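K.L.:
just need the structure, nothing else, for what follows:
(one chain, ligands or ions: 1)
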Amino acid sequence: METILVLAHTENDGSLAKTAREALHAAATLHKSLAGSKLVVGLVGDNVQAAANSIAACPATKYFGVTGAEFTQPRYGTDTAAAEAICKTAQATVVVAPATSRWARVLPGVAQRLGGRADTHVTGAAAADGKISVNRWYYRQRMESSQTRTQRPWILGIDPGSQSACDCGAGTASVEMVAVNLPDTAKRTTVVGVREPKADAQTIRPDAQLLFVTGAGWTKKQADGQTHVPEAEKLILGFLKASRASLGSSKSLVDLGGEGQAVLPFLSHLNQIGQTGATPRHAKGLSTCCHGEEPHTVGWRFINERRAISLDPNCGWARGKADVLYVADAFQVIAKVNELLA
Ligand SMILES: Cc1cc2nc3c(=O)[nH]c(=O)nc-3n(C[C@H](O)[C@H](O)[C@H](O)COP(=O)(O)OP(=O)(O)OC[C@H]3O[C@@H](n4cnc5c(N)ncnc54)[C@H](O)[C@@H]3O)c2cc1C
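P.N.:
Take a look at the predicted model:
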């Protein structure tokens, strides 16, 4: 009989992040498809009661917690010790954890300590005829595999955004505290702070409903024979500010910077979508000034509703890559849209 453990850490305010609820959804789905399995939850943080209560209506039958000031920091030494202790106490055979930056560093080490195995970038788990299989994408998200393992415990790092978040309600959970004997060596590292870009400088927003893609057309000569890069910058940033969309780009546009041409300073290769870029997940996508070539549009695999604005009626978007193509000048369209959004 498999014991499925959802392993999560709390946020600084004691809550559970959406990524933890996504892992819970994946674990609950697996539990439902696996007759006789047990679902339990393990939480790590300063105080985990509020987090446990917030998901008390989920099908888990037991809650385990490792708590204390030492476990608030995202520190490898204390996080691995906490995760190892919970896995052992829960006698977990399958561990489902959100692949946050904090947990992704820790999970393979925990598998090593427990003599198990860890798989990263898992996008789904289910059982058929009592056998568990997990899904994972390869080769720039172009091939999906379904794979099984016999080793236990089997630790699964669930890709954020690949699941819907479990919407189970709140209640009162009874949490069994797990003691961890921490050697001093586990506490050598101290996290002194978090450095992150200002909210409006952060253009990659995985949780956004909309992906807004900019192509090289924004920096090309326009009908008047001139380029209009400062205007493009203003329009794009104005749209992002009003819509809170995530910013993606074609390769041509992000490459221009390296070639010394006039570019949009807020774009980097991290924004690149496509075969040699990212494959983000958003409900909708809007492409602007981009031709929609195959190496770019393969990165749109997980975008459900696609629209594009291009001057070229024969561009790739018109050839089955978009649901709607507006054959129009993106400078004019986005200026009007920004006006409406304001
Ligand atoms: C091995 C390989 C890997 C690659 N990987 C990637 C990848 O990961 N991601 C990626 O994006 N590309 C990738 N490419 C490159 C890809 O093939 C294209 O060259 C690139 O996507 C083109 O970018 P673009 O559409 O922005 O530019 P362009 O092809 O220059 O298109 C610009 C478009 O803007 C339009 N336009 C201009 N002005 C306006 C306006 N005012 N209003 C509306 N439209 C306007 C034009 O009509 C044109 O269609 C790869 C190529 C190779 C060979």
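
K.L.:
quick one, helices of the stretch 151-300 of the chain?
P.N.:
229-243, 251-258, 294-297 (DSSP state H, counting those that start in this stretch).

K.L.:
next one: the nearest residue to His228 once chain neighbours are set aside from the ligand, what distance?
P.N.:
Spatial nearest neighbour of His228, excluding adjacent residues (CB to CB, 6 or more residues apart in numbering): Gln222 at 5.9 Å. All C-beta spots, glycine's among them, are computed from the backbone N, C-alpha and C. Computed as CB to the nearest ligand atom, to the nearest Å, the Gln222 to the ligand distance reads 6 Å.

K.L.:
tell me the contacts of Gln222?
P.N.:
His228, Asp329, Phe331 (CB atoms under 8 Å, 6 or more residues apart in numbering).

K.L.:
list the buried residues of the lowest-mean-pLDDT helix or strand in the chain.
P.N.:
Sorting the helices and strands of the chain by mean pLDDT, DSSP states H and E puts helix 251-258 at the bottom, at a mean of 87. For helix 251-258, burial by neighbour count (16 or more other CB atoms under 10 Å) applies to Lys251, Ser252, Leu253, Val254, Leu256.

K.L.:
isn't the third one up against His269?
P.N.:
No: counting by CB atoms under 8 Å, Leu253 does not reach His269; the two are 10.5 Å apart.

K.L.:
what about the closest residue to the ligand within the stretch 101-250 of the chain, neighbour count?
P.N.:
Nearest residue of the stretch 101-250 of the chain to the ligand, counting by CB to the nearest ligand atom: Gly217, 2.4 Å away. Per other CB atoms under 10 Å, the neighbour tally for Gly217 reads 24.

K.L.:
what about the helices in the stretch 1-150 of the chain?
P.N.:
Using DSSP H, counting those that start in this stretch, helices in the stretch 1-150 of the chain cover 18-33, 49-54, 76-90, 101-114.

K.L.:
mind checking the pLDDT average for the second one?
P.N.:
Taken as a whole, helix 49-54 has an average pLDDT of 98.

K.L.:
pull out the buried positions in it.
P.N.:
Buried residues in helix 49-54, counted by 16+ other CB under 10 Å: Gln49, Ala50, Ala51, Ala52, Ser54.

K.L.:
between the buried residues of helix 251-258, which is closest to Val191?
P.N.:
Nearest to Val191 among the buried residues of helix 251-258 is Val254, at 31.6 Å by CB to CB.

K.L.:
the closest one contacts Leu267, correct?
P.N.:
Yes: at 5.3 Å, Val254 and Leu267 qualify as touching, with contact defined as CB under 8 Å.

K.L.:
hang on, the earlier thing: any chance of the helices of the stretch 1-150 of the chain in a markdown table, with distance to the ligand too?
P.N.:
Formatted as a markdown table, the helices of the stretch 1-150 of the chain follow (distance: least, CB to the nearest ligand atom, whole Å):
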| stretch | distance to the ligand |
| --- | --- |
| helix 18-33 | 26 |
| helix 49-54 | 38 |
| helix 76-90 | 33 |
| helix 101-114 | 23 |
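
K.L.:
so can I have JSON lines of these showing distance to Ala60?
P.N.:
What follows is the helices of the stretch 1-150 of the chain, written out as JSON lines (distance: least, CB to CB, whole Å):
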{"stretch": "helix 18-33", "distance to Ala60": "8"}
{"stretch": "helix 49-54", "distance to Ala60": "9"}
{"stretch": "helix 76-90", "distance to Ala60": "10"}
{"stretch": "helix 101-114", "distance to Ala60": "18"}
